[in-house]
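1. sequence and predicted model, in that order:
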Amino acid sequence: MVAVRAATAADADAVTAVFLAARASAMPWLPRVHSDAETRGWVEHVVLGALRTWVAVEDDAVLGFATLGPGTLEHLYLHPDRLRQGIGSQLFRQAQAECPDGFALHVFARNTPARAFYERHGCRVVATGDGSGNEEREPDVTYACGPAPAC
């Protein structure tokens, strides 16, 4: 059974592994702008240290995670082997419960599976970008989920 719980510092390696595997699998076209070690440091100090993060776990294995910043769903990633099993929806519902007034999120424009996921969950496109606002320099789409981004 998959459970969602608050992430802890002890989850840093597992969250990093999910992040790297998910991006490599779902977005092979995305440039890698940080090493694995830099990514691990970012997960430890930002994702788990400064933002609100939840992990989906089964038998103590981290299957995915969701991270909220002020008014924004910063990240929602699943291990590639665990897609289309309802785990992303569980994490998305956790974000909605934490931000009942809504939130914004950004998705790379070419990430059509993620875009379809958010649209199925009622999110609506509110802006598009040319990539100048992200370090990958990849065109993106901003969604609003819920009444207003006010978490």
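-> Alright, I've got the coordinates.
2. got any ranges where this protein has weak pLDDT?
-> 147-151 (pLDDT under 70).
3. kindly list the longest strand within it.
-> strand 61-69 (DSSP state E).
4. and the longest helix anywhere in the chain with strand 61-69, angle?
-> With secondary structure taken from DSSP state H, the chain has its longest helix at helix 12-26. Computed with axes from the mean of the first three to the mean of the last three CA atoms, to 10 degrees, the direction of helix 12-26 lies at 90 degrees from that of strand 61-69.
5. helix or strand right after helix 12-26?
-> helix 36-42 (DSSP states H and E).
6. packing partners of that following helix?
-> helix 12-26 (3 or more CB pairs under 8 Å, 6 or more residues apart in numbering; DSSP states H and E). Quick note: C-beta positions are derived from backbone N, CA and C, even for glycine.
7. ok, and for the helix it packs on, which residues are buried?
-> Of all the residues in helix 12-26, those buried under the rule 16 or more other CB atoms under 10 Å are Ala12, Ala14, Val15, Thr16, Ala17, Val18, Phe19, Leu20, Ala22, Arg23, Ala26.
8. what does it rub up against?
-> Outside of helix 12-26, the residues within contact range by CB atoms under 8 Å, 6 or more residues apart in numbering are 7, 30, 36, 39-40, 43-44, 47-48, 53, 55, 61-65, 75, 77-80, 111, 113-114.
9. CA atoms of it as CSV?
-> Written as CSV, here are the backbone C-alpha positions of helix 12-26 (Å, rounded to 0.1, in the frame of the first residue of the first chain):
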residue,chain,number,x,y,z
ALA,A,12,17.5,13.0,0.5
ASP,A,13,19.2,10.1,-1.4
ALA,A,14,15.9,8.5,-2.4
VAL,A,15,14.3,11.8,-3.5
THR,A,16,17.4,12.6,-5.5
ALA,A,17,17.3,9.1,-7.2
VAL,A,18,13.6,9.6,-8.1
PHE,A,19,14.3,13.1,-9.5
LEU,A,20,17.2,12.0,-11.6
ALA,A,21,15.5,8.8,-12.9
ALA,A,22,12.2,10.6,-13.7
ARG,A,23,13.9,13.4,-15.6
ALA,A,24,16.1,11.0,-17.6
SER,A,25,13.2,8.8,-18.5
ALA,A,26,10.4,11.3,-19.2
